[in-house]
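Engineer: 3D model of this:
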Amino acid sequence: MSAPSTITGPAPVRCTYHPTVETLLRCSRCGKPICPKCGVRTPVGMRCPDCAGVAAQVLPLGVPGFLRAIGFGMAVALPIAVVMGFAPQWDFYLGMVLGFASAEMVARAVPGRRGVDMQIIAVAVVVIALLVSRYVTAATLGVSLADLDFMRPQVQKALYLRPMPDLVFAGIPILIAFFRFR
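Structural biologist: Below is the predicted model of the structure:
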């Protein structure tokens, strides 16, 4: 008679994302060792965060990323703001272009980032551009900053200030920038 044989399974390996954890799980797509903490349940089995499309842990943006995001956003927002200043009758369309273009440029400056810090940057870029567009309109029409009284009907008419449409036209690019990084 021979001794009973023992069946052994695969040996545990270390998780790719948590090197101190031993695991028997592997990604169903690429085969990387993953632990239950980092594994993502999908309809086709457990996957690693890379294959499941889960964003990595959000790290602080840092000063270089912050400055790059502002610079990229302003590089596209300021020319649009100048055009808005010379053609205020196109505020609706240019406002949409401003919101989408500046938010996309901020996103390209720091790829893969979302969150409150990116929302603040994108909204700030849009608000600065909207202020610049009104300044350009005022300068084009010869209204100095000292004479600027937004309550006077003549100034409102000269600067194309209409309370309700202006709030909508300013709100559209702000909301686009805000929701882009949600």
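
Engineer: what are the phi and psi values for residue 114?
Structural biologist: phi -140, psi 180 (degrees, to the nearest 10).

Engineer: Nearest residue to it in space, ignoring adjacent ones along the chain?
Structural biologist: Once flanking residues are discounted, residue 114 sits nearest to residue 181: 5.0 Å by C-beta to C-beta, 6 or more residues apart in numbering. Where C-beta positions appear, they are placed from N, C-alpha and C, glycine not excepted.

Engineer: Need the pLDDT of the nearest residue to residue 113 once chain neighbours are set aside.
Structural biologist: Leaving aside its chain neighbours, residue 113 sits nearest to residue 61 (6.9 Å; criterion: C-beta to C-beta, 6+ apart). Listed pLDDT for residue 61 reads 74.

Engineer: contact partners of stretch 84-103?
Structural biologist: Stretch 84-103 has contacts (C-beta atoms under 8 Å, 6 or more residues apart in numbering) with 73-74, 76-77, 80-81, 83, 122, 125-126, 129-130, 132-137, 139-140, 159-160, 165-166, 168-170, 172-177, 180-181.

Engineer: Enumerate every residue touching the most centrally placed residue in the chain.
Structural biologist: Centroid-nearest residue in the chain: residue 181, 3.4 Å away (criterion: C-alpha atoms, centre = their mean). Listed by C-beta under 8 Å, 6+ apart, the contact partners of residue 181 are 103, 106-107, 113-115, 118-119, 122.

Engineer: Now with 10 Å, please.
Structural biologist: Residue 181 makes contact with 103, 106-107, 113-123, according to C-beta atoms under 10 Å, 6 or more residues apart in numbering.

Engineer: mind listing which of the residues you listed are in helices?
Structural biologist: 103, 106-107, 116-123 (DSSP state H).

Engineer: so which of these comes closest to residue 45?
Structural biologist: residue 107 (31.3 Å; C-beta to C-beta).

Engineer: Many thanks, we can stop here.
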